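Enquirer: here is a sequence with its predicted model. Questions after.
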Amino acid sequence: MSAEVLNRRSVICGLIFGLPVALTAGAARAQPGIRFRAIHVDVSPLRAMVGDPTASWVEQELSGQLAQALAPYLAPGDRAGATLVARINNIYLGPNSGGTGPLGSSQDTIEGVLLVMGPRGAIAADTPLRAISSYYPNPFDQPLRVESNRWRVAALARAFAGWVPRQLGL
């Protein structure tokens with residue numbers, strides 16, 4: 001009998017307290033999600049700090065990675081859509097010879113700000129984002145340092161773009 005009462009109480013409490021949660025969750029799903037009509041990558045602060053070719057690599061790689069990560073939220077012809085501006089402020093590539101991480105890895109970091117601009121140009125959201133990737137030194141990377149750094153920048157762009165939907169709450 002006591003187990004039966006406990007089960008009834010559990011069901012009643014679940015219905016009483018779970019119903020508002022279920023109604024709220026249903027209302028949140030019914031609202032239309034954000035749509036982006038354009039994605040821009042601004043590397044002007046990065047270009048002033050580290051110069052080219054690093055800033056150009058970030059701009060090229062991040063543009064494609066953001067388009068891929070936000071593909072379900074893109075609506076290029078939508079006039080009411082928002083514009084996402086990813087402003088990259090800094091990039092740090094750890095030592096090429098290895099670092100203090102697992103298996104001698106170096107830590108690479110990219111820092112920026114995500115600006116969601118409304119249809120009329122007003123800033124709707126200003127969200128900082130920092131992404132980290134690990135670089136494992138390879139003997140072939142030493143003579144090919146420029147190519148190695150480009151691969152590292154591409155890995156950072158993937159990491160940054162991978163965090164964008166979560167950071168924006170999508």
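Expert: It's in. Quick caveat, the model's predicted, so the values are computed rather than measured.

Enquirer: can we go C-alpha only for contacts and neighbour counts from here?
Expert: OK.

Enquirer: what secondary structure does residue 57 sit in?
Expert: Secondary structure assignment for residue 57 (DSSP: H, G, I helix; E, B strand; the rest coil): helix.

Enquirer: confidence score at it?
Expert: As predicted, residue 57 sits at a pLDDT of 91.

Enquirer: show me what contacts it?
Expert: 150, 153-154 (Cα atoms under 8 Å, 6 or more residues apart in numbering).

Enquirer: mind listing the strands for this protein?
Expert: 36-42, 82-92, 106-117, 123-135 (DSSP state E).

Enquirer: which among those strands is found nearest to residue 65?
Expert: strand 36-42 (10.7 Å; Cα to Cα).

Enquirer: below-threshold pLDDT in this structure: ranges please.
Expert: The chain contains residues with pLDDT under 70 at 1-32, 97-104, 138-145.

Enquirer: which segments of it make up each domain?
Expert: Listed by automatic domain parsing, the domain ranges of the chain are 1-31, 34-167.

Enquirer: can you say which of the ones you listed is packed in most?
Expert: Most buried of the domains of the chain, by mean neighbour count (mean count of other Cα atoms under 10 Å): domain 34-167, with a mean of 17.

Enquirer: the closest residue to residue 123 other than its chain neighbours and residue 38: what is the separation?
Expert: Setting aside the residues directly before and after it, residue 123 is nearest to residue 117 in space (Cα to Cα, 6 or more residues apart in numbering), at 4.5 Å. From residue 117 across to residue 38, the span is 10 Å (Cα to Cα, to the nearest Å).

Enquirer: likewise for residue 67?
Expert: Counting by Cα to Cα, the gap from residue 67 to residue 38 is 9 Å.

Enquirer: any residues in contact with both of these two?
Expert: Common neighbours of residue 67 and residue 38 (Cα under 8 Å, 6+ apart) are residue 74.

Enquirer: which of the contacts of residue 57 sits closest to residue 72?
Expert: residue 154 (22.0 Å).

Enquirer: residues contacting that closest one?
Expert: Going by Cα under 8 Å, 6+ apart, the list of residues near residue 154 reads 57-58, 61-62.

Enquirer: kindly report the same for residue 54.
Expert: 47, 150, 153.

Enquirer: recalculate using a threshold of 6 Å.
Expert: By Cα atoms under 6 Å, 6 or more residues apart in numbering, the contact list for residue 54 is empty.

Enquirer: likewise for residue 87?
Expert: With Cα under 6 Å, 6+ apart, residue 87 has these contacts: 41-42, 112-113.
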